[in-house]
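> Curious how this folds, go ahead:
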Amino acid sequence: MRAMRRSSDLLRRAAQSVLGKQQKAAKSGPFSRGVFTSANPLQARLCGEQQPLKADLAFTLVGAAAAVIYLNRTTALSGPETLEPDALEELARDLSSSNTADKERAVSMLSSLTPYLEYHSAMLGAGVFPALIKAVLDARMIPQVRVIALGCAADLLKENDAKKAAASNPDFIPNLLNALKSEGGWENGPEEGGIARASAARALAELCAAPELHGTISKTGAAQALAEHGAEAAEVSKSEDKTYSSLSEVPGTMVERHAVEDERFTAAALYNLACSSTGVTSILNAATNAVVGLGRWASSKDPILQRYGVGALSRMSTSSPRAFRAVVDSGCLPALVAATASDDAQAQCFAAGAIGKLVDLGEGPAQLLLEANAPSALIAMLNEGRHSAPAAIGGSSKGVQRGVQRCSVRAILSTLSSDAFCKELLAAGVLPKVQAVLNSGLNEKTDAELINIIGQIIGNLQAERMVTRAS
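Predicted structure coming up:
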């Protein structure tokens, strides 16, 4: 294999380059590529995080993967490393080789490269993705190789070309569903199919991020499978009162640990699916308890599940009267309003945005939100220094606080279309609260939008107060 015959000196240098990238990735937050650690390098890669690596990588798995990296001859060692197309094409061919060692070596190398977005274009151009798809679809493939190939494919599905290619293959999404259910040979993979389930959920989440594919996803039964799978997972985890920043912190077996990641990616898939009317309809038609599951995630102590749960409820509730009614009938509206007090800033903004849009739709939704105490919830978002979450998930930096305040005032301004909401806002003391924000040292340039919206709120509410007094 040409890639394995490169000089040891070049291999060692390239390996050190990859080491730097691996260490940098290991420092990224839980929303970068995942939050889990595993003692097995291949499982660690599939779980979406990097384990600590030793300095001498020349002949380890990552070092071997680095053998396909060469340093640009025109910039010597100071230039950016690139991938050699011939070596990548050879890796793609080796995935289909009759030699087991070639398959294992090829997929191991690719698994150390696919996490990096800057390499995706070269890999797609070299035909790596079709080779990975072929490996994923081959039920006779060595289970470990097949599972790693699925993880690599999920990485490349961040690219639109890969999404289109995957969706055009009539067997790919059905195979993902088999992996999600631990059927079709996937149950023979590592951790009783647990790694395959998590990787399948991740691949489906990437596909659901493309609204133009929602029709295909619905026709293949993937939307229904995701909704049912998510509802079941939310039911199991509803009593969990802890969140885990590392897979090693999750009590129980590795199967149970991978279930955490499986649930998070399933939540991400449903959140992405809820961005289109086709996706929302698919979720509503899929399972009667699908919306209930989203509500449970919206109240979860796991900030990742909560963010996706609140985001999905926000998108669904504002998409159509039918979807809003489903959220109300499922008892999830209070959870949506309560998310304005979340420790996750993005979840807060999802909730506030939904409240503003719903009140603007008419007095029916406005009345239900009044009963859920939404005016006071929006006002409470204006308070500074209330966040306790780490910065990685939307914590207490000044910029994050200003962002939350912008979400709050935008929603408040939208709710002023309702007379009943105006009265409740005034009664709850919104004017002194927005005035306090205005006097909190806002910057005329960077906080111009915030200043402008607060000015509109004060003007409208003062006019409303004068009308009320006159009447």
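> the domain parsing of the chain - what is it?
Using automatic domain parsing, the domains assigned to the chain come out as 1-156, 332-471.
> Considering those, which stretch scores lowest in mean pLDDT?
Mean pLDDT per stretch puts domain 1-156 lowest among these, at a mean of 64.
> How about stretch 448-464, which residues are buried there?
Residues L450, I453, I454, I457, L461, E464 are the ones in stretch 448-464 that count as buried (16 or more other Cβ atoms under 10 Å). C-beta coordinates here come from the backbone N, C-alpha and C atoms, glycine included.
> How about stretch 401-414?
401-414.
> ok, back up a step: nearest to A222 among the buried residues of stretch 448-464?
Proximity of the buried residues of stretch 448-464 to A222 (Cβ to Cβ) peaks at I453, which lies at 40.1 Å.
> isn't that closest one right up against A411?
No: contact criterion Cβ atoms under 8 Å: I453 and A411 do not qualify, at 10.0 Å.
> Can you list the residue ranges for strands in this protein?
Ranges of strands within the chain are 69-71, 81-83, based on DSSP state E.
> so how many other residues sit close to the nearest residue to D155 once chain neighbours are set aside?
Once flanking residues are discounted, D155 sits nearest to T114: 3.7 Å by Cβ to Cβ, 6 or more residues apart in numbering. Residues contacting T114 under the criterion other Cβ atoms under 10 Å number 26.
> residues touching the residue nearest to E263 when sequence neighbours are not counted, list them.
Take E263 and drop its neighbours on the chain: the residue closest to it by Cβ to Cβ, 6+ apart is A233, 4.1 Å away. Counting by Cβ atoms under 8 Å, 6 or more residues apart in numbering, A233 touches A259, D262, E263, T266, G293.
> try 10 Å this time
Shown in contact with A233 (Cβ atoms under 10 Å, 6 or more residues apart in numbering): A201, A259, V260, D262, E263, R264, T266, A267, G293, R296, W297, L305.
> Could you dump the residues you listed into TSV with distance to S277 added?
Shown next, in TSV, are those (distance: Cβ to Cβ, whole Å):
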residue	distance to S277
A201	23
A259	31
V260	31
D262	27
E263	26
R264	25
T266	21
A267	20
G293	20
R296	24
W297	22
L305	24
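> now, which of those residues lie within helices?
Judged by DSSP state H, those include A201, A259, V260, D262, E263, R264, T266, A267, G293, R296, W297, L305 as members of helices.
> farthest pair in these?
The largest separation in the ones in helices among the contacts of A233, counting by Cβ to Cβ, is between A201 and R296 at 17.1 Å.
> ok, P170 touching I133?
No: when contacts are counted by Cβ atoms under 10 Å, P170 is not listed as touching I133 (11.6 Å).
> who's more crowded, these two?
Ranked by neighbour count (other Cβ under 10 Å), P170 and I133 place I133 first, with 22 against 9.
> Could you give the backbone dihedrals for the closest residue to A436 other than its chain neighbours?
The shortest distance from A436 to any non-neighbouring residue, by Cβ to Cβ, 6+ apart, is to L382 (7.6 Å). For L382, the backbone dihedrals are phi -80, psi -20 (criterion: degrees, to the nearest 10).
> What is the burial count for L382?
As a burial measure, L382 scores 20 neighbours (other Cβ under 10 Å).
> now Q435
For Q435, the count of nearby residues is 13 (other Cβ under 10 Å).
> for T220, same thing?
For T220, the count of nearby residues is 18 (other Cβ under 10 Å).
> got it, and D86?
D86 is flanked by 12 other residues according to other Cβ under 10 Å.
> Report the separation between it and I453.
Counting by Cβ to Cβ, to the nearest Å, the separation of D86 from I453 is 57 Å.
> Next: G429.
Here G429 is placed at a distance of 18 Å from I453 (Cβ to Cβ).
> E192 touches R257, doesn't it?
No: E192 is beyond contact range of R257, at 11.9 Å (criterion: Cβ under 10 Å).
> So for these two, which sits in the more crowded spot?
A direct count of neighbours by other Cβ under 10 Å for E192 and R257 places R257 higher, at 24 against 16.
> Local confidence estimate at the more buried one?
For R257, pLDDT reads 75.
> how near is the nearest residue to L156 once chain neighbours are set aside to D94?
Distances taken as Cβ to Cβ, 6+ apart put A162 closest to L156, at 4.6 Å, once the chain neighbours are dropped. A162 sits 20 Å away from D94, going by Cβ to Cβ.
> Compare these two (neighbour count), which wins?
With neighbours defined as other Cβ under 10 Å, A162 and D94 compare such that A162 has more, 25 against 21.
> Can you verify my assumption that the more buried one contacts L132?
Yes: the pair A162 / L132 is scored as a contact, 9.2 Å apart, by Cβ under 10 Å.
> Thank you, goodbye.
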